[in-house]
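> dropping a prediction and its sequence here:
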Amino acid sequence: MTNISVNAEHSYQVKFTDTWRKDLSEILEARVRVAIIVSETYSPDLTDLMNLESEIHVFQVPDGEDGKNIATLHKLWNWLGAAGFTRSDLIVGIGGGAITDVAGFVAASWLRGLDWVAVPTSLAGMVDASVGGKTGINSDYGKNLIGAFHSPIAVVIDTEFLKTLSDRDFAAGMAEVIKCGFIADTAILDLAALHTVESLRTNPPVVSELVQRAVTVKAHVVSADFKESFVREALNYGHTLGHAIEIHSKFQLRHGEAVSIGLVYAAELAAMRGLITEAELSLHRSILLSYGLPITFERQAWQKLAPLLALDKKARGNTIRFVALNGIGSTIRLEDLTSAELDSAYERISL
């Protein structure tokens, strides 16, 4: 497996391994203090790390979006203060995307910036949250509205973690993989179209290739545009409506499930403008459905979802901006959409 370089405010490696404890130990051994942030509901065996000479502190936080709030952040700050963490110490986030989001933001905000390492354990975390340096927590007004750009010094990916996922979580992660196929690497779509969740989970080499391809897409985009001008906005394909649906559902839907719906909605907008063909629109539906992902949402929810679109991070002033395709593998920004277009596209994806 080949490592992937990311060049942001500093350069770092996304390391693919089947011995994540060994690789992480090599990073930790030179540090006096290390804070390892994990979920309350899932903590991998850290025995080997406890035998290091470094002073290891393990902090558990609520799982998923429940932990991405100011209360969790405040508790972590107090823990770091009580443990005497200094600027030469290290933060490690081991878990899904929510864990690495929080760990990265704690690292960005404590003493104005500590080094941190991401060890993603979910498919979505591997291909999306852990790479790129976007860290943060949620606000009552939207997802990831409070945060900072603060890249890790390393990302350690061991796809063995994926065996611990439920089929639902695996499928949700595939939404982010498939997104990378639509915006940049069509080989991802070709590979994904040959499989289902069940067949992929019995084919580790294909899973590894899909993860590496998706990470390569993200690393390339982030290296070209760290702080999210239009180039990096491509990574938010499907996320404008997706984030609104997550908030509306009170995070009962997985991130990838909401993004799946958002992908089809964005494709409907593009098709209405004549930017993609009906066949390309149908490909969105068919490939996502083949992984058991949702592609529709409640019709009556639109009046509550529409105002949430204005809280999307891509919005500027009163202008709502969508990432859309003008062909598979090519993105464009839509910022002159009318209310009638937005309503019509939603009608086409509503139950």
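Received it, and whenever you're ready, just let me know what you need. Numbers count the residues shown, from 1 in each chain.

> could you look up the SS state of Gly147?
Per DSSP: H, G, I helix; E, B strand; the rest coil, the local secondary structure of Gly147 is strand.

> how many neighbours does it have?
20 (other C-beta atoms under 10 Å). Using the backbone N, CA and C atoms, a C-beta is placed for each residue, glycine as well.

> do the same with Asn236
23.

> and for it, nearest residue in space, chain neighbours not counted?
Distances taken as C-beta to C-beta, 6 or more residues apart in numbering put Val323 closest to Asn236, at 5.4 Å, once the chain neighbours are dropped.

> my guess is that neighbour contacts Glu335. True?
No. Using C-beta atoms under 8 Å, Val323 is not in contact with Glu335, being 10.3 Å away.

> quick one, which of these two is more surrounded?
Shown here are Val323 and Glu335; by other C-beta under 10 Å, Val323 has more neighbours (24 against 11).

> OK, contacts around that one?
183, 233-234, 236-240, 266, 314, 331-334 (C-beta atoms under 8 Å, 6 or more residues apart in numbering).

> and if you look at Met174?
Applying C-beta under 8 Å, 6+ apart to Met174 gives the contacts Leu123, Ala192, Val197, Leu200, Gly256, Tyr291, Leu293.

> dump these into JSON lines; add pLDDT as well.
Output for the contacts of Met174, formatted as JSON lines (pLDDT from 0 to 100):
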{"residue": "Leu123", "pLDDT": "98"}
{"residue": "Ala192", "pLDDT": "98"}
{"residue": "Val197", "pLDDT": "98"}
{"residue": "Leu200", "pLDDT": "97"}
{"residue": "Gly256", "pLDDT": "97"}
{"residue": "Tyr291", "pLDDT": "98"}
{"residue": "Leu293", "pLDDT": "98"}
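
> now flag whichever of the residues you listed is closest to Leu351.
Using C-beta to C-beta, Leu293 is the member of the contacts of Met174 that sits closest to Leu351, with 15.0 Å.

> look up the closest residue to that closest one, ignoring the ones flanking it.
Leaving aside its chain neighbours, Leu293 sits nearest to Ser260 (3.9 Å; criterion: C-beta to C-beta, 6+ apart).

> could you report the neighbour count for the one you found?
33.

> over to Ser5?
Ser5 - counted by other C-beta under 10 Å - has 10 other residues nearby.

> wait, Ile27 sits on Val117?
Yes. In this structure, Ile27 is within contact of Val117 by C-beta under 8 Å, at 5.9 Å.

> what backbone torsions are found at Ala118?
Main-chain dihedrals, Ala118, degrees, to the nearest 10: phi -110, psi 130.

> sorry, that was for Phe16
phi -100, psi 130.

> on the pLDDT front, check it for me.
Looking at Phe16, its pLDDT stands at 97.

> Asp23 is in contact with that one, correct?
No. Taking contacts as C-beta under 8 Å, Phe16 lies outside contact range of Asp23: 9.7 Å.

> and the helix or strand of the chain with the lowest mean pLDDT, what's buried?
Least confident helix or strand of the chain, by mean pLDDT, DSSP states H and E, is helix 230-233 with a mean of 80. Buried positions in helix 230-233, judged by neighbour count with 16 or more other C-beta atoms under 10 Å: Arg232, Glu233.

> gap between that helix and the chain center?
On the basis of C-alpha atoms, centre = their mean, to the nearest Å, helix 230-233 sits 15 Å off its chain's mean C-alpha point.

> cool, and stretch 96-107?
That offset, for stretch 96-107, works out to 11 Å (C-alpha atoms, centre = their mean).

> pLDDT on the host helix or strand of Phe59, on average?
Assigned by DSSP states H and E, Phe59 belongs to strand 55-61. For strand 55-61, mean pLDDT rounds to 96.

> send me it as CSV with only the CA atoms.
Provided in CSV are the C-alpha atoms of strand 55-61 (Å, rounded to 0.1, in the frame of the first residue of the first chain):
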residue,chain,number,x,y,z
GLU,A,55,2.5,9.8,29.6
ILE,A,56,-0.7,8.6,28.0
HIS,A,57,-4.1,10.0,28.8
VAL,A,58,-7.3,8.5,27.4
PHE,A,59,-10.3,10.7,27.2
GLN,A,60,-13.7,9.3,26.3
VAL,A,61,-16.4,11.5,24.7
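
> what's the span of stretch 251-260, first residue to last?
End-to-end distance for stretch 251-260: 14 Å, by C-alpha to C-alpha, to the nearest Å.

> identify the residues contacting Asp128.
Applying C-beta under 8 Å, 6+ apart, the residues contacting Asp128 are Gly97, Glu176, Ala214, Lys218, Leu235.

> and with 10 Å instead?
Asp128 is in contact with 97, 100, 120, 122, 134, 173, 175-177, 179-180, 214-215, 218, 235, 239, 255-256, 259, counting by C-beta atoms under 10 Å, 6 or more residues apart in numbering.
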